[in-house]
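> Dropping the sequence and predicted coords here.
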Amino acid sequence: MTAKAQNTAPSRAQRAREALVDAALPNAAFDGWSEHTLARAAEEAGLSEGEVQLYCPAGILDVIETWTRRCDAQARVEIEANPANRIRDKVSQAVLIRLAQYEGHEEAAARARARLLLPDGLDRGARLVWATSHMIWSAIGDKSTDANFYSKRAILSGVYASTFAIWLEDDTEGRTKTTEFLDRRIGNVMQFEKVKGQVTKLTKSLPGLPGLMGDLRYGFRRAR
């Protein structure tokens, strides 16, 4: 095995979490993302209770995060392979591609969203939405490094989260309701320069912001 292959190969912990996702998805659609679902998934994946506690110390929330980040990674490949021209089209297309990763698992996605809205999942849910927004901007080639970096992701986080809620309930052909809603919201995404000035002014009075921004941009560290 080459050094490059060694560096890119998933860790044992990651393989275990991915196996739990695959085993949990069918049951989560009916039973929700619960500790019971996790126990069943562990049994089907051939993982002991100790291994689950080691690889998923936060329980089912770690499994939801693994699925979400997998969908982000899959979406990024597709977004980069299908570039649009205008920035408006790039953002809109990227959001729809990301949502499409949940097709076939809509009920599981709805239940994952509901689980992350519980008190112990709110912080993680917010960070995952931010990570998805960051993935989208990165995939379409955003190079900003100043306050605009954060305002773009903050605004897109709101657009993505609200569009996701519409997508889950959309039974129209081709999900036209979602597309129309997203098109209306994209106007908010295009107001970056105005927001940039406001954010720059605001951040001057906030203590400890560089460290917080670093966490948001590069991700919060998680135990392996």
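Done, it's in. Residues are numbered from 1 along each chain as shown.
> From the contact counts, what lies against the helix or strand where Leu61 lies?
Leu61 is located in helix 60-81, with elements delineated by DSSP states H and E. Where contact means 3 or more CB pairs under 8 Å, 6 or more residues apart in numbering; DSSP states H and E, helix 60-81 is packed against helix 12-31, helix 35-45, helix 87-100, helix 106-116, helix 122-139. Backbone N, C-alpha and C define where each C-beta goes, glycine included.
> Let me know which of those is the nearest to Thr68.
Comparison of the helices and strands packed on helix 60-81 against Thr68 by CB to CB identifies helix 122-139 as nearest, at 4.9 Å.
> what about Asp22, distance to Ala16?
11 Å (CB to CB, to the nearest Å).
> now swap in Ile166 and tell me
Remark: distance between Ile166 and Ala16 (CB to CB) = 34 Å.
> Have a look at the two and say which one is more surrounded.
In terms of neighbours (other CB atoms under 10 Å), Ala16 is the more surrounded of Ile166 and Ala16; the figures are 20 against 17.
> tally of neighbours for the residue lying closest to the more buried one once chain neighbours are set aside?
Closest residue to Ala16 apart from its sequence neighbours, by CB to CB, 6 or more residues apart in numbering: Tyr55 at 4.5 Å. Residue neighbour count, defined by other CB under 10 Å, stands at 23 for Tyr55.
> Could you check the pLDDT of the residue positioned nearest the centre of the chain?
Central residue check for the chain by CA atoms, centre = their mean: the C-alpha nearest the mean position is that of Thr132, 3.7 Å away. Each residue has a pLDDT score; the one for Thr132 is 98.
> isn't it right next to Arg98, touching?
Yes - distance between Thr132 and Arg98: 6.2 Å, which falls inside the contact criterion (CB atoms under 8 Å).
> Much appreciated, bye for now.
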